[in-house]
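Engineer: heads up, no residue letters with this:
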C-alpha cells in the first residue's frame with residue numbers, strides 16, 4: 001500500500017511540476033512586453049506626453065479581445081488580464097519618470113514610440129497565442145505563481161503588479 005501511495009505521489013508531483021513549467025514561455029513574453037516601458041516612458045517624457053493614454057489603452061484592449069476571440073479564448077476572461085498588463089505598464093512608466101526626476105539618465109535615448117508600439121503589439125499577440133496554447137493543457141493554477149514571479153522581473157515592476165497580473169491570468173478561460 002505504501003509503495004502504491006508513493007508511486008501515486010511521484011506521478012502527481014511530476015504532472016504538477018511539468019505543467020507548472022508551462023507558464024515560463026508566457027511569463028517570458030509578458031516580461032519582454034514590459035521591457036519596452038522604459039522606451040515608452042522616455043519618449044513620453046521627452047515629448048511632454050502623459051503616461052495615461054486612454055485612447056491607446058482602449059485600442060489595445062479592443063484589439064486584444066478581438067485576437068483572443070480568434071484564438072478561441074473567452075474575451076471576457078482575457079480582458080482583466082489585458083487591463084492588468086496595461087496597469088503594470090503604466091506603473092513601470094511612472095516609476096521610471098519618478099527615478100528620472102531624482103537622477104536624469106545620461107547617454108540614453110528612447111526609441112521612437114511608433115516602432116516600440118508595433119513591437120509591443122506583436123508581443124501582445126504572441127502572449128495571447130501562448131495563452132491559448134497553454135490552456136489546451138488545462139487552466140492556469142495557483143502553483144505556477146512562483147515560476148511566473150521568477151520570470152517576470154522587469155525593472156520597476158513591483159510584487160503587487162506581478163500579483164495582479166497573475167491573478168488575472170488565473171481567470172483566463174477558453175471560449176465556450
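Structural biologist: Nice, thanks for sending it over. Model, not experiment: these values are computed from the prediction.
Engineer: tell me the centre residue of the chain?
Structural biologist: For the chain, residue 30 is the residue whose C-alpha lies nearest the centre (Cα atoms, centre = their mean; 3.3 Å).
Engineer: let me see the contact set for that residue.
Structural biologist: Contacts here follow Cβ atoms under 8 Å, 6 or more residues apart in numbering; on that basis residue 30 touches 85, 127, 151, 152, 165. C-beta here means a position set from N, CA and C on the backbone, and glycine is covered the same way.
Engineer: can you tell me how far the first one sits from residue 150?
Structural biologist: Going back to what we said before, that points to residue 85. 18 Å (Cβ to Cβ, to the nearest Å).
Engineer: ok, the last one next?
Structural biologist: Going from residue 165 to residue 150 by Cβ to Cβ gives 13 Å.
Engineer: more neighbours: these two, which one.
Structural biologist: Neighbours around residue 165 and residue 150, counted as other Cβ atoms under 10 Å, are more numerous at residue 165. The numbers are 23 against 12.
Engineer: ok, which pair from the contacts of residue 30 is furthest apart?
Structural biologist: Spatially, the most separated pair among these is 85 and 151, at 14.8 Å (Cβ to Cβ).
Engineer: lowest average confidence, helix or strand, in the protein?
Structural biologist: For the chain, counting by mean pLDDT, DSSP states H and E, helix 2-20 ranks last in confidence among helices and strands (a mean of 41).
Engineer: quick check: next helix or strand after it?
Structural biologist: Downstream of helix 2-20, the next assigned helix or strand under DSSP states H and E is helix 23-34.
Engineer: what mean pLDDT does the lengthiest helix in the chain have?
Structural biologist: The residue-count maximum for a helix in the chain (DSSP state H) belongs to helix 75-102. Across helix 75-102, pLDDT averages out at 97.
Engineer: so residue 28 touches residue 151, yeah?
Structural biologist: Yes. Using Cβ atoms under 8 Å, residue 28 makes contact with residue 151 at a distance of 5.7 Å.
Engineer: so where's the chain uncertain?
Structural biologist: Residue ranges of the chain with pLDDT under 70: 1-21.
Engineer: check whether residue 175 really touches residue 73, as I assumed.
Structural biologist: Yes. Here residue 175 reaches residue 73: they are 6.0 Å apart, a contact under Cβ under 8 Å.
Engineer: what about the two, which has more around it?
Structural biologist: Of the pair residue 175 and residue 73, residue 73 is the one with more neighbours under other Cβ under 10 Å, namely 23 against 15.
Engineer: how about the more buried one, nearest residue that isn't a chain neighbour?
Structural biologist: Distances taken as Cβ to Cβ, 6 or more residues apart in numbering put residue 132 closest to residue 73, at 5.4 Å, once the chain neighbours are dropped.
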